[in-house]
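Peer 1: missing the sequence, but the structure's below:
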């Protein structure tokens, strides 16, 4: 069974460019979470999506950041006009369903964004 | 011993000793908790979970203890090995909303 797949693993962008990070959840999982991690820090929640729906985007900056999880294809985290402060590891996690207590989320290996 | 580094608290233990990593969670309504292990350059890896109707759960070499009265979670690792060196995070979930992660503890296993 394939786990959560993220790509690219490493991405370098110049200030002002766009970054697109992709996440394919585990087979059978319909819920996706995105987290950001700065070096030597914990994981900060960004957004929680179901297929074609954003469930909770309370952790995502209002500007420049957007996320989607279309009916077909991977979830995409998009960062427009990147700045140096966007440099971080972005982790995707997936779970099979929403709402039930005990619903473990499984993480991918992350996408490391460096803005130069 | 335990010390606070620049960002992450660090716990140093001798190989073969038992490790205890602590976590204070924030929401008294949280009903599900997970411990994750994160090695350098990798994603968080599930270790063990516990629901709020339990106060102890055991896995292979690991035990999680939950004290809801003081909102405290701990992870005990028996006979700590060099491969246990990593950063450990607790995460809490409130009835299916997003998971909130603790700040993490770096475990350093000394030979």
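Peer 2: Thanks, I have the structure now. What you see is a predicted model; the values in this text were computed from it and never measured.
Peer 1: which residues are in contact with residue B:64?
Peer 2: Taking C-beta atoms under 8 Å, 6 or more residues apart in numbering or on different chains as the criterion, residue B:64 is in contact with B:33, B:35, B:48, B:49, B:50, B:56, B:57, B:73, B:74, B:75, B:76. C-beta here means a position set from N, CA and C on the backbone, and glycine is covered the same way.
Peer 1: ok, what's across the strand from residue B:58?
Peer 2: Beta-bridge partners for residue B:58, by DSSP bridges, are residue B:63.
Peer 1: tally of neighbours for it?
Peer 2: When neighbours are defined as other C-beta atoms under 10 Å in any protein chain shown, residue B:58 has 12 of them.
Peer 1: roughly how far does it sit from residue A:85?
Peer 2: 42 Å (C-beta to C-beta, to the nearest Å).
Peer 1: equivalent analysis for residue A:35, please.
Peer 2: Per C-beta to C-beta, residue A:35 is found 16 Å from residue A:85.
Peer 1: same drill for these two, tell me which one is more crowded.
Peer 2: Between residue A:35 and residue A:85, residue A:35 has the larger neighbour count (other C-beta under 10 Å), namely 26 against 8.
Peer 1: where does the more buried one land in three-state SS?
Peer 2: Counting by DSSP: H, G, I helix; E, B strand; the rest coil, the backbone at residue A:35 sits in strand.
Peer 1: residue contacts, it?
Peer 2: Listed by C-beta under 8 Å, 6+ apart, the contact set of residue A:35 reads A:43, A:44, A:45, A:46, A:90, A:91, A:92, A:93, B:101.
Peer 1: could I get those as a markdown table with pLDDT?
Peer 2: Formatted as a markdown table, these follow (pLDDT from 0 to 100):
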| residue | pLDDT |
| --- | --- |
| A:43 | 93 |
| A:44 | 94 |
| A:45 | 93 |
| A:46 | 96 |
| A:90 | 98 |
| A:91 | 98 |
| A:92 | 97 |
| A:93 | 95 |
| B:101 | 91 |
